[in-house]
Structure formats: structure tokens, C-alpha cells
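[1] generate coordinates for the sequence data below:
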Amino acid sequence: MDTTQLLKGVLDVAVLAVLRTEDGYGYDIVRRLRDAGLGDVGDASVYGTLRRLYAAGSLSSYVVPSDGGPHRKYYAINPQGRTALDAQTTTWLDFAGAMSALLVHERAGASTNGEN
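    Presented below is the predicted three-dimensional model:
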């Protein structure tokens, strides 16, 4: 299965989830997503998602000066983003539960029918 297609559909909620506990700048968010197991996530996709979520009002941003390089733009989830994350979490859990039940049922049926 091509996980990049799955990732496109859930990147918004994944970014909001990462920012739920701690603000972050672009590459930090990419790293945290990869550390969470989303190794196929692309830098450009995350930066585009951050811009889209910010434009939609789900994120706020601020700049932190840096002594050793360019200033960093940090993103933070705001109340609208938390509301969106809660709604998307419910949708995801319902969808994932339905898919898991379907796949487990189909696998069990295939095993009892002697198929693999």
C-alpha cells in the first residue's frame, strides 16, 4: 500500500497532534512526525500544511531570534485548531475502527475458508 497517499489525507491532523503538546518550527515538526513513525512525510508537504492551517486560523505563529542563524518561525495550535483536532480525531478513530474491523473480519474469513 502506498502510504504517501494515506499521509496526504491525514497530514493536517498529524501536524495539529504534534503541536498539541509543544510549539514547533518547520523542520522540528517534520522531525517529530518522522520520529512518531511517519517516515515518508516530506518537508515540502509539512511546510505547505503549516501555511494552510495558519491561513485557515487553526495555528498562530511567532518568530524567535537565533544567534547562530536565521530567525525561526514557530507555530502553535490555538483554540480553533484544538477544536479542529478534536473533531478530526473523532473522525479518524471512527474510520480506523471501521477499517480495522473490516480487515480483521476479512482476514478471519479468509483463514476459515483456507485462503490467504
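
[2] rest of the way, CA atoms for contacts and neighbours
    Fine.

[3] flag the helix or strand of the protein with the lowest per-element mean pLDDT.
    Every helix and strand in the chain was compared by mean pLDDT, DSSP states H and E; the lowest is helix 79-112, with a mean of 89.

[4] where does the protein have low pLDDT?
    Residues of the chain meeting the criterion pLDDT under 70: 1, 107, 109-116.

[5] residue contacts, the most centrally placed residue in it?
    Among the residues of the chain, the one closest to the centroid is A14, at 1.3 Å (Cα atoms, centre = their mean). Listed by Cα atoms under 8 Å, 6 or more residues apart in numbering, the contact set of A14 reads L33.

[6] kindly report the same for I77.
    Counted by Cα under 8 Å, 6+ apart, I77 has contacts 16, 19-20, 23, 58-60.

[7] likewise L11?
    Residues counted as contacts of L11 (Cα under 8 Å, 6+ apart) are 46, 49.

[8] what distance do you get for it to V41?
    Distance, L11 to V41, by Cα to Cα, to the nearest Å: 8 Å.

[9] over to T89?
    19 Å.
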